[in-house]
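# the following comprises the amino acid sequence and a computationally predicted model.
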Amino acid sequence: MTRIAITGACGRMGRVIAGLVKERADCTIIAGIDKLGEQYDEFPVYTKVFDMPEKPDVIIDFSHPSALPDLLSYGKMNNVPLVLATTGYTDEERAQITAASAQVPVPPQAPCPCTRSY
């Protein structure tokens, strides 16, 4: 069974992902990470990724670009793949993601037109 942690767990997409995973038999949510720390389901919600007591098999991120440094650090330190679905990354942050992908599985970030600076 794949053990998943969701960052941005209390947001709209975090709740959608939690609901979808709940319908599956092959994976489970072991933790949520959200600055609100609001528990709304069967899994605990922590305010920081490093507060999780157990290591997930993967982290799905729907949070905020400001969470990126801790996510990349946690992923590299614990060899945990990261699915980064947050938008709004700068070119520098995308470069950090690319660099981290040499050490831990991180799907490539495609530039999104909605994240351009005008």
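Perfect, thanks for sending it.
# what helix or strand does Val16 sit in?
Secondary structure here is read from DSSP states H and E; on that basis Val16 sits in helix 12-22.
# after that helix comes which helix or strand?
strand 27-33.
# for that following strand, packing partners?
Packing partners of strand 27-33 (3 or more CB pairs under 8 Å, 6 or more residues apart in numbering; DSSP states H and E): strand 2-7, helix 12-22, strand 45-46. Where C-beta positions appear, they are placed from N, C-alpha and C, glycine not excepted.
# tell me which of those sits most buried.
For the helices and strands packed on strand 27-33, the largest average neighbour count (mean count of other CB atoms under 10 Å) is found in strand 2-7, namely a mean of 22.
# direction included, what does that one pair against?
Taking DSSP bridges as the criterion, strand 2-7 sits next to strand 27-33 (parallel), strand 58-61 (parallel) in its sheet.
# mean confidence score for the longest one?
Okay, so that is strand 27-33. Averaging pLDDT along strand 27-33 yields 97.
# which other residues reach that strand?
1-10, 14, 18, 21-22, 39, 41-49, 51-52, 54, 56, 59, 63, 67 (CB atoms under 8 Å, 6 or more residues apart in numbering).
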